[in-house]
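Participant: Have a look at this prediction, sequence included:
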Amino acid sequence: MTPQHIKYAALLLLIPFGALAVSAFQNQTVLRTVAHGPIQVDHANLGCSDCHIAPDATWRQQIQANLRYVVGARSEAVDFGYHPVTSDTCLGCHERPNERHPIYRFREARFQDAQEIVDATSCLGCHTEHTNERAFTQVDFCVACHGDLELKTDPLDVSHLQLIKDENWGSCLGCHDFHGNHAYEAPKLLDAAFDVDALEAYLADGPNPYGTEKLYEAKGP
Ligand code: HEC
Ligand code: HEC
Ligand code: HEC
Ligand code: HEC
Ligand code: HEC
């Protein structure tokens, strides 16, 4: 037996436990107690399988395939487990026509440097799950792309040009949401901007300063 075979033989010995885990996965109440960490507040009504999609082959088929691998009747093992969670999983419920910063836009080469600061090409570059927070970014990540921003006529009391000169990147989210999906108009006075504390609270699990009214609602579970 190769080390690879030993690994799979060991896995197969664990099948009774695996089966237990599967039935737990299908049982939401059990799941909530074994989950990785707390689901973010706005996802409280989602089921695990809304994001964790089972592979096409049934578990029995997977187990049989891997048994045949162990006894040498198959040249390759198959994946146990679930498909990874990707941006497509999120877009299944959150796709919308008014997106201000669509992820596909940032796959262009000119955003390569920006990507070192924040990965704007994937939902999971800024969001995750099981940490009870809405987004894990710092509030000032706009610096990655808007360093040369200039408005023809700037409506602000402290112009965008001045904000950028002052490196006041913490102010941007104070007036603009990121996705442009809140029914909310950016103010013109710097005093009216939400402060960094309020923004950080929102990016965690606190109240939404932009208000709860959305232009496009997410699809429910
Ligand atoms: C809103 C989508 C979403 C929901 C709902 C959700 N998860 Fe997750 N889950 C994720 C994401 C995102 C990750 C991190 C994946 C990564 O980092 O590659 C994850 C990771 C995990 C992991 C770790 C897997 C690994 O490969 O590290 C487990 C276990 C898990 N989730 C179980 C659950 C259970 C149990 C539930 C139901 C209580 C649940 N999840 C509900 C999105 C979700
Ligand atoms: C099955 C549908 C579904 C899936 C899949 C889903 N969501 Fe959600 N999400 C919702 C619903 C419903 C809400 C609550 C309504 C709302 O805020 O629009 C929500 C809320 C949110 C919020 C907070 C909204 C707020 O205003 O505070 C964030 C952030 C979010 N989802 C991100 C994600 C990410 C990232 C993924 C992929 C890992 C994902 N969602 C997967 C349905 C889904
Ligand atoms: C570059 C970072 C970044 C990326 C990439 C990103 N988000 Fe966000 N997202 C944020 C920030 C910051 C907020 C809080 C500000 C706001 O509400 O717009 C947020 C808020 C949200 C909200 C709540 C507000 C709303 O618009 O309804 C949802 C839902 C959401 N994101 C889903 C997604 C999904 C789905 C993707 C992938 C298609 C994604 N995000 C990609 C940073 C990001
Ligand atoms: C990965 C790059 C990137 C990041 C990070 C980024 N932006 Fe943008 N943003 C863009 C691009 C590209 C446009 C489109 C500009 C255009 O169409 O000329 C844009 C447009 C905008 C617009 C104008 C949208 C409209 O409808 O005209 C606003 C407002 C904005 N961004 C604010 C922000 C804020 C606030 C942040 C930080 C929270 C941020 N952006 C982070 C790349 C980025
Ligand atoms: C005091 C509130 C305020 C602050 C702070 C602020 N903005 Fe704005 N911003 C506005 C308003 C108002 C407009 C014009 C109306 C609109 O587009 O919403 C605007 C317009 C924009 C536009 C669109 C420009 C165009 O050509 O249409 C972008 C991009 C932008 N802001 C990015 C930023 C970035 C990046 C920061 C942080 C350096 C920032 N804003 C800080 C209020 C603010």
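Facilitator: Arrived safely, thanks for sending. Ligands and ions are numbered 1, 2, ... in the order given.
Participant: Verify the stated contact: Ser171 with Leu189.
Facilitator: No: assessed by CB atoms under 8 Å, Ser171 is found out of contact with Leu189, at 11.6 Å. C-beta coordinates here come from the backbone N, C-alpha and C atoms, glycine included.
Participant: More neighbours: which of those two?
Facilitator: Ser171 (24 against 11; other CB atoms under 10 Å).
Participant: Low-confidence ranges, the chain, go.
Facilitator: For the chain, the stretches with pLDDT under 70 are 1-35, 56-60, 62-63, 65-66, 73-80.
Participant: Ligand 5 contacts on that one?
Facilitator: With CB under 6 Å from any ligand atom as the criterion, the chain meets ligand 5 at residues 142, 146, 149, 151, 155-156, 160, 163-164, 169, 171-172, 174-176, 186-190, 193.
Participant: In ChimeraX, how would I select the buried members of those residues?
Facilitator: This is the ChimeraX syntax for the buried subset of those, where burial follows 16 or more other CB atoms under 10 Å:
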select :142,156,160,163,164,169,171,172,174,175,176,190,193
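Participant: when you check ligand 4, which of the residues of the chain next to ligand 5 turn up near it?
Facilitator: Restricting those to those within reach of ligand 4 (CB under 6 Å from any ligand atom) leaves 142, 146, 172, 176.
Participant: And the third one, how far from Glu213?
Facilitator: By that I understand Cys172. Between Cys172 and Glu213 the distance is 21 Å, computed by CB to CB, to the nearest Å.
Participant: Please apply the same query to the first one.
Facilitator: Using CB to CB, one obtains 23 Å as the distance from Cys142 to Glu213.
Participant: Same question for Leu161.
Facilitator: Noted for Leu161: a distance of 31 Å to Glu213, by CB to CB.
Participant: And for Leu203?
Facilitator: Using CB to CB, Leu203 is found at 19 Å from Glu213.
Participant: Have a look at the two and say which one is more surrounded.
Facilitator: Neighbours were counted for Leu203 and for Glu213 using other CB under 10 Å; Leu203 has more, 18 against 11.
Participant: That one and Thr137 touch, don't they?
Facilitator: Yes: with contacts counted by CB under 8 Å, Leu203 reaches Thr137, the gap being 6.9 Å.
Participant: Phi, psi for Pro38 please.
Facilitator: phi -70, psi 140 (degrees, to the nearest 10).
Participant: What are the neighbouring residues in contact with Thr128?
Facilitator: If you count contacts by CB atoms under 8 Å, 6 or more residues apart in numbering, Thr128 has them with Phe136.
Participant: Would you verify that it is located in a helix?
Facilitator: No: read with DSSP: H, G, I helix; E, B strand; the rest coil, Thr128 is coil and lies in no helix.
Participant: Over to it: give its phi and psi.
Facilitator: According to degrees, to the nearest 10, Thr128 has phi -140, psi -160.
Participant: Repeat that for His182.
Facilitator: Torsion angles, degrees, to the nearest 10, at His182: phi -90, psi 140.
Participant: and if you look at Lys214?
Facilitator: Main-chain torsions, Lys214, degrees, to the nearest 10: phi -110, psi 150.
Participant: so how far is ligand 5 from it?
Facilitator: 17 Å (CB to the nearest ligand atom, to the nearest Å).
Participant: cool, and Thr128?
Facilitator: 24 Å.
Participant: Please apply the same query to Leu203.
Facilitator: Relative to ligand 5, Leu203 is positioned 16 Å away (CB to the nearest ligand atom).
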